[in-house]
Each structure stands twice: as structure tokens, then as C-alpha cells.
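**Q** Let me see the structure of the following:
(chains A and B)
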Amino acid sequence: MPLQSDLVLTALVSATGLLLLAMLLRSELAHRREKERDAQHYARQLRSLTGALRESIVAYDLDLKLQFVNPAFTAVTGYGTDELRERNFIDYVHPDDHAAVTAEREKLARGGNPVDQEYRIIRKDGQERWVSSTWQVMRNDAGQPIGYLGTELDITEKKRGQGRLRDEAELFQAVMEVQQAVAAAGLDSGTVMRVIAERGRALTGATGAVVEMVQGEDLVPRVAVGVDAPTHKVRGSLAGTAVRTGEMQRTDDASVDPRIDRDVLNHDGMRSIVAVPLKADGRALGVLKVVAPEPSRFRDRDARALELLGGMMGSAVSHAAAFEGRQSRLEERTRALQESEQRFKHLVDAAQEGIWVVDDRGLTTYANQRMADLLGHGHGELTGRPIFDFVEPAARAEVQKLIGAAHDELRAPRDVRFRRRDGGELWATVATNPIVGRDGGFVGTVAMVSDITERKRAEDRLRRTADRLRALHELDQAVLAANSPADVGAAALSHLKRLVPCNRCTVVLYDFDAGYAEVVAGFTGTTAIAASRIPLSDFSPAATLRRGAVRQINDITTLADQPPLIARIAAEGVRALLSVPLLVEGEAIGELNIGSATVAGLTPEHREIALEVATPLATAIQQARLREELARQTVDLERRVEERTADLREANAELEAFSYSVSHDLRAPIRHLGGFAQLLIEEHGAQLSDAARHYAERIKAGAAEMAMLVDDLLNLARVARQDLVRRRTDLAALVADLRTEFTAETDRRGIEWQIEPLPAVNADPALMRVAVGNLLANAVKFTAPRDRATIRIYPVQADGQTGLAVADNGVGFGMAHADRLFGVFERLHPPDEFTGTGVGLAIVRRIVQKHGGRVWAEAEPGRGATFYLTVGSGASD
Amino acid sequence: MARPIDILLVEDDPADAELALRALARSGMSPVVEHAPDGEAALSALGDGGIQPRLILLDLKLPGMTGLELLEALRAGAGTRHLPVVVFTSSAEPRDLSRSYGSGANGYAQKPVNFDAFGETLRRVCEFWLAVNRLPDVSQ
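**A** Model (predicted):
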């Protein structure tokens, strides 16, 4: 039985599912701070949303581990989240109903559609409650299942109410029948008694029903249904007690009841008995009695029903007996009816629910006080009018099903919207039972009407909240997907107009520096507003704007001092205006304007929505701006890098050309200096003084030194310009070969070479030869002062690169100057100690750089130096 | 008709020219050397009724016509295409080397900075080419 409209449930469940999803998957979203903030936002929304729900919400993950229950769940079951977490899936459900709930879950897991179920749950205190429930599969954004969500509504009261309603309806029907019987049979007391006995038996489920009348000391059966009924004494029977006392008598087991004569009992063997006196003018004329052979057969409501019937019959029968033939039949009948009706009215008017009786055409034959109250009408004003007069047009077809003569399944209780006399709405659950005439034909309907207006309104609010959340989520998605502030604004507005009635909406961004505001998105009616700039002075003072207050005006035409912009908007037909600031870190970057053509057409709820929209909107616009700025800077940066690269390349080329030509063109004058100095010394030395010869020697030596410098510079320039040709280069072979260049020195000085097995590298062999050769030459040179020079060469692996190290026990150097080591013309030792130009290591570094490798040194003055050289990964073969 | 000599030195730098002549003199070979300071002077000296060198030492960097242009002109001229030309230059550029051979040089020698080495290089080049390319004496 659908307890409420599927729409609400669906909206609710999808919204809560979404929210739960956001909460449960918060960790998935952790990589985006914004997203996480959203998730927390949703989690808060979820808590407040589900906190206000009457429905219990329970969520399990795919492993059937409990993830969440809302306060309503705890209120109904007595269990909190933590208590249930350690327990099995749906442990709180009545064991008899486990199979059904599990089957439903398994069906969902296979992709089946959810179906409403009703089942019992066991509270923590052991009490049993009925719930109506829907289970759904929760899915993430990608549509993959992440768990199960149960929505349960406590329907225990409803269940009980249904039982009562059924009882009342049956009773009412019995009363109607009796009335009809009385009306039809007049004061034919025999017929009335028979109808009453039959209805009494049917209503109470008794084995038999008997009407007995007092005749002297005896109780004489007048009508017996279902059982034989012998005449018996007033004394010694339960019926007799009822007659004597004038009160209803009831026994759940006659065999142990002292009021009952053994003989009577032995005769009929009936153990459950209810007997009500039939009274007229305060005197009991007889009894109406129902009996059953099993003990405890009758319930309270059976007794109540029988009492009502007995009361009705008493008056009818007594009048028949007392005044038969002496007064107008019509008058008596009317009076009898009025009396019985009065009794019934007392019953139904006290009812919490509206009771509405209509005939087979839908005309009201009776409505109780409560029903009239519900509709805002006076008592009796409904009588004679069609029920449809009070029903909203859209609900008439539903009502027709409820009061028609058709099948029972169409009579399932429905929620119907009635119209009150004051034009307001009345939402009510309507349950009906047909009234069947004596001939078995359909004569009318009794409807039980429960006011659910408040619930409906709460559901409406809930649905609107759920819709709002969903719309806001969609809006969030849309604005996050948008690229430019204008796109963000347009996306937000297209979603916003589904939530708020806006005739004219704009997203405006301020530019305080430039003194104008830019309308980046907007529409009036269905027309988009083109992007435009408006002076900030048209709005409000900049200071006011910057603070970012919410401004709401119910009717802008009443403003005494209209800013120009407001006047223009008013001319477009806007009356109510709502401006919400777009705040970023506490400062307004713009505003969201919503204009309604209706005076005071923007409610607090709209304002709330606008505020909710403004936050993600502001964030998204800010992000879009940053993205645009970033893109612009990236382009700018790329352009500048390109320019710089081109400049650098040109400068490099110039430098290379320069260093090449310098070293090239310098060679000639050096040669001349050295050559002529030598000619002077060798061919004219005899004519020179010692001093002159000495000077000529200095010129020659200077030229020789300069020649070396130039040669090194030339080599450096050549290395810089030379293309790199990588191939497999065996460092072991290379070192062995280079080593022979130092044979003379080795022999002379007794240098000890310790050469470990070396790898092959993928490098330019010629350049590697230069680089390694330089390192070896340095090692040889700087170990010169050592009596026992040792040069060790061993393989090196660093940062995924391969190479070698050259360690010597030479003079070393201080690490403080290590950074100058590889510069051009940098020397850490005076030239008169060690020859060299200071270009060698610069060449090494240039070569290593060309290979994408690395060269570095470690040393200590007087303790030797180690140079490391790596040139990319090792050769593959 | 042509006047046979040993070497035509095409060299714009007078200091280099002097050093070369001095070095050759000191080498003990005593060759007959003529000096042309640029390409035009060289071509005119080699013209009809001019000199017939057994070796041309050619500097690449010349004012006006470059060494390579002169080389190509020599290779294009009927009377000069057979003359051995050794490029004698400061340049150690591989590009200059390959261009020189590409334009028809018979040899390429870099001028060392050191005077001894300079003289030695010059001596070996000249000794080799004067020996292997001794032309028949036209006067006979």
C-alpha cells in the first residue's frame, strides 16, 4: 500500500542517495578541496534534511555494513548507528520478515526495480512495530552501485487504525442494515430481531446469536441463529444476569464462571458468551446474546458492537411491543430511527477521523462533525450534496474509484485533495468500504477521512528541498564544467530559473578599479541580455557594493530615490528585486540579481535558494577568472620564452662565432710574436745584450702561453658547436687508451694507476675522449708533487646515470671554491705551480652538459680530489 | 714561355709571408718563392707568360677574392688546373678542410702558432710536393 506519493519517495530517495553518496565517497573526492567542501556541505544538508524526516533512513554499503541511520530511525528502533554497526544486515527486522527484505535486496542487486514492502521490526526494547519501506541501490556519479538505502516509515499506528477503521466500517454497515431493516419491516419485531441477530453473529464471528425475551421467570428465545436455543430461567444464566442488572455481561469461559448454571452450560457447551440487555424505558425486556464453544472468543470491540446493536434493537422492539397498534407506525418508526441514529452519531462524532457516507450516486447521506470541521463547513451542510463538490477537480477520478461499486482493489486508500470552504486545501487519506443492502446490492459507501494536510505540506517542503538540492547539485556540476565567467553565469541562471520565478535575472561582476560593472550573463523573459558594462555609480556606492549585503525590495516602484539602473529595470516591468552578493573571501566580486514581475514575488525560500546558488557561483566565477588569467599568462609566458630562446640562440651563435674568430684570428699575431721573438733570439742573439735577450725570451714564452689559451678556447667553442653523435662507448677501452698518453710521465714519476672495470655508456666517443682525457691529465698534473702518486678510476652510478670517477691523491683543493672549478679561465692554483689555461674543466663540463649528464668534484686541500662524471644511462649492450 | 718557379705563396699577411719565407730559408731547401698578397695578384702572376710554380701555398683568408674562390678559378683555368695547391691556413675548422678538398685542393695544412712547428710543417709540405710533383723542365 503506497503510503505517500511515489514521487515524493523517489525524489527523497534520489536526493538522499545522492547526498549519502557524497558523504560516503568523501574520500574519493578528497583530491579536490572544492569538491570536499561540497561533500561536507551535502553531508550537513543530509543530516539536517534526514534529521527532520519522519522516515527512517538506513544505509548499508555493498558489503552490507551499516553506514548511516538518521535520527528518525533511532527514534523508531531505539538503535543508534554505532550499536547497529557491529550487527548483521537488517538485524533489527523481525526474523519472519528477513527473507522478504533479503529477497528484495538481492533483486535490487540483480538490477530489479524496487518495490514497496511492509514488514515488522523489533525495537531495542523488544516492542514490535510495522514499517512501510522502500529499498534502493545507491550509485555514484559513474552509475556504479555503492550500497543500499532503506527508507522506512513507521506505520504501526496506521496499521492499528486500519483495523479500527475496518471494525468501524463493519459496525457502521451493520447499523445501516438494521436501520434499513427497521425501515423496511416497520415494527415487525420478528424481522428486526432476525436481522440484528444475524448481523450480530456476523460482526462478532460468533457461532450463534440468540434474542431472548423475558416472560415471567423465563427467558424465551424469539430468534436463534446458528444454535439451538431452549427456554431457560432468568436466574442462573448470564443472559438472566444481563436482564437483572441491565448491564452487558460477558464471559470468556462459562465453564468456570459462577454466574452460570451448570445445567445450562452442559446443555449447549458454549464457553464464550456476550449478552446485552434489550431495554425500553430503563427496563430490560430481553437479551441479545452471542455464543461460541471456544473460550476467549470475543474481543472488546465485539462486545461494543453487540451493545450498539442491542441498544438499537431495544428501542425498536420495545416500542413495537408497547405501542403496537396504538400509535402511528410512521411516528414511532421515525422516533426509533432518530434514537438509533443519535446513538450512532455519538459514536462517530467523537471519532478523530472524518466519516462520510454517500449513496451509490455519490450524494452525501451523512457526514460527521469532524468531517464538516475538516472542510470548514457547518454540521449538516454536507448532507445531500455530491462528494465531488468538495474535491479538487484533479482528484475526482480518484474519488470516483473510491466510492464506485467496482472491485475492492480499486478501493485501496488514497490521498485525496479536498477543497475547504475557505478555498484552502485539505489533504486526506481516504479509506472506504462499500455498504451492501439486504439484497446484496451496492447502496453506498462509508469513507473514513484522515487529515494529512500537515504531512503533505511537510512532504511538499521535503520534496522542494530535495528538488532544490538536486538542482543545486546540477548547478554545481554545470558551473564547474563551464570555462569562462560568462559561461558559469549562464549555466547558473539556466538552473536558477527552474527554482526561482525570475522574470529578469543577471549575473554582474564588479570592476572597482575601472569603476564599472559587467553583466556577464542574464535574461529578461526568454531573451538573453547581451554582455554590457554599466557604471558602478548606477548601482550603489562602491563601498556598499564591496561589503556585499543582500538587498531585497518587494516593490522597486515605491522606492523614493531610484538609482538609474533600478528605474530602467522597473520600466521593464520588474517589481520585486533580490540582489545577492557573490562573495569571494569575504569580498563581493559581483552580484546575482533576480527580478520578479510580481510585487513581493520573492519569498524567503527564494532568497535562501539565491544565497545557496551564490556561493558555488562566486567560487566558480573566481576559478574561471583564475583559469583565464592562467591561460593568458601561459600564452604570454610561452611567447616570452620563445623570444628569450631566440635571443639566447642568437647570442649563443654570436658568442660562438666570436670565440671562434677570436681564437682563430688571434693565432696569427701570436705566431708573429713568437716567431719573430724566436728569430731575434736565434739569428741575432749574439748581438743582443743579456737583458734584451731575456726580454725576447719573455715575449716568446708569453706567445707560447697565449697560443695554448687560444687553442683551448678554440676547443671549447668547437665542443659547443659540435653535434652530439651518441653510440656505445666503452669507458674501459677509452681509459686504457688515454692511459698510454701518460706512459712517459707514469714511468718517470712512478704513478700508480688503479683502474677498476668500467661500464660502456651511450655517448659521443670523441667528446668523451676529450672529457675523460682532461680529467686524467688533471689527475696526473696535480699529483706531481707526490712521491707516490695514485690515480684510481672506478665506475659510478648516480641519479640513474652511469659514468666514472677519477680519484687522485694530489694537492686537492678547498670545496669552498668548488663552484668556480668548471668556469672558463678559472684556476684554483697559481699558474707557476701548475701549468694550464683553466679551460680544461670548462670543456669537460660543456661536454657533459651536451650529454645531459653531470660532473662534480669532491676534494680536500692536500688530500687529493675526486672528479665524478656521468653521461646518461649505460649503453644497452 | 712560362717562367718556372718552386713555390707561389698566396698570403695577404706580410708578417706570415715573411715568417714563411724565413722558415723556408732556414729549412735548407732554398726554393724559388714568389709571393702574391691576394687572389687577383696570384691570377695575374700565373697568367700568360707568367710564372709556372711547382706548388701553390694558398691562404684561405684573403682580401677580395677568397682563397677558395681563387682555388676554384685555378681549377677552372686550362693553364692552372694541373697545378698542385696546398691550403696553408690558420683555420682548424673541419668545414674549411672539407671545402678546400671539395674545391680541388691537393693538401691542407694548418699553420702552427709555434714558429718551430710552423717551419717544420712548411718544410714537410714543400719537400713532399716539390719532390713528387717535379715538372719536366720546359726549357729542355
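
**Q** what does chain B have sitting close to chain A?
**A** Counting by CB under 8 Å from any CB of the partner chain, the residues of chain B close to chain A are B:13, B:15-16, B:19, B:22-23, B:90-93, B:111-116, B:118. For the C-beta atoms, the positions are set from N, CA and C on the backbone; glycine is no exception.

**Q** So which of these are in helices?
**A** Members of these lying in helices (criterion: DSSP state H): B:Ala15, B:Asp16, B:Leu19, B:Arg22, B:Ala23, B:Phe115, B:Asp116, B:Phe118.

**Q** Now which of the residues you listed would you call buried?
**A** For those, a burial check counting by 16 or more other CB atoms under 10 Å in any protein chain shown picks out B:Asp16, B:Leu19, B:Arg22, B:Ala23, B:Phe115, B:Phe118.

**Q** Counting neighbours, what do you get for the residue lying closest to B:Phe115 once chain neighbours are set aside?
**A** Distance criterion CB to CB, 6 or more residues apart in numbering or on different chains; nearest residue to B:Phe115, sequence neighbours excluded, is A:Gly675 at 3.7 Å. A:Gly675 has 26 neighbours, counted by other CB atoms under 10 Å in any protein chain shown.

**Q** after whichever helix or strand A:Gly675 is part of comes which helix or strand?
**A** Assigned by DSSP states H and E, A:Gly675 falls within helix A:604-684. Sequence order places helix A:690-721 as the next helix or strand after helix A:604-684, per DSSP H and E.

**Q** And the strands in chain B?
**A** Secondary structure of chain B by DSSP state E: the strands cover B:3-10, B:33-36, B:51-58, B:85-89, B:107-110.

**Q** Let's have the ones you listed in TSV, adding mean pLDDT and distance to A:Arg863.
**A** Putting the strands of chain B into TSV (pLDDT from 0 to 100; distance: least, CB to CB, whole Å) gives the following:
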stretch	mean pLDDT	distance to A:Arg863
strand B:3-10	91	56
strand B:33-36	93	59
strand B:51-58	92	54
strand B:85-89	92	47
strand B:107-110	89	42
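
**Q** Switch these over to a markdown table; also include mean neighbour count and distance to A:Ile670.
**A** Output for these, formatted as a markdown table (neighbours: other CB atoms under 10 Å in any protein chain shown; distance: least, CB to CB, whole Å):
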| stretch | mean neighbour count | distance to A:Ile670 |
| --- | --- | --- |
| strand B:3-10 | 21 | 20 |
| strand B:33-36 | 20 | 22 |
| strand B:51-58 | 23 | 20 |
| strand B:85-89 | 24 | 15 |
| strand B:107-110 | 18 | 14 |
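
**Q** Hmm, A:Glu858 and A:Thr866 touching each other?
**A** Yes - counting by CB atoms under 8 Å, A:Glu858 is a contact partner of A:Thr866 at 5.0 Å.

**Q** More neighbours: these two, which one.
**A** Neighbours were counted for A:Thr866 and for A:Glu858 using other CB under 10 Å; A:Thr866 has more, 18 against 14.

**Q** list the contacts for the residue nearest to that one when sequence neighbours are not counted?
**A** Excluding the flanking residues, the one nearest A:Thr866 by CB to CB, 6+ apart is A:Ala807, at 4.0 Å. Residues near A:Ala807 by CB atoms under 8 Å, 6 or more residues apart in numbering or on different chains: A:Ala779, A:Ile791, A:Arg792, A:Ile793, A:Tyr794, A:Gly864, A:Ala865, A:Thr866, A:Phe867.

**Q** Quick one: mark the members of the residues you listed that sit in helices.
**A** Residues from the contacts of A:Ala807 lying in helices, with DSSP H as the criterion: A:Ala779.

**Q** quick one: which helix or strand includes A:Pro785?
**A** Going by DSSP H and E, A:Pro785 is not in any helix or strand.

**Q** Tell me which residues touch B:Leu122, please.
**A** Taking CB under 8 Å, 6+ apart as the test, what B:Leu122 contacts is B:Ala20, B:Ala23, B:Leu24, B:Ser27, B:Leu57, B:Phe88, B:Ala109.
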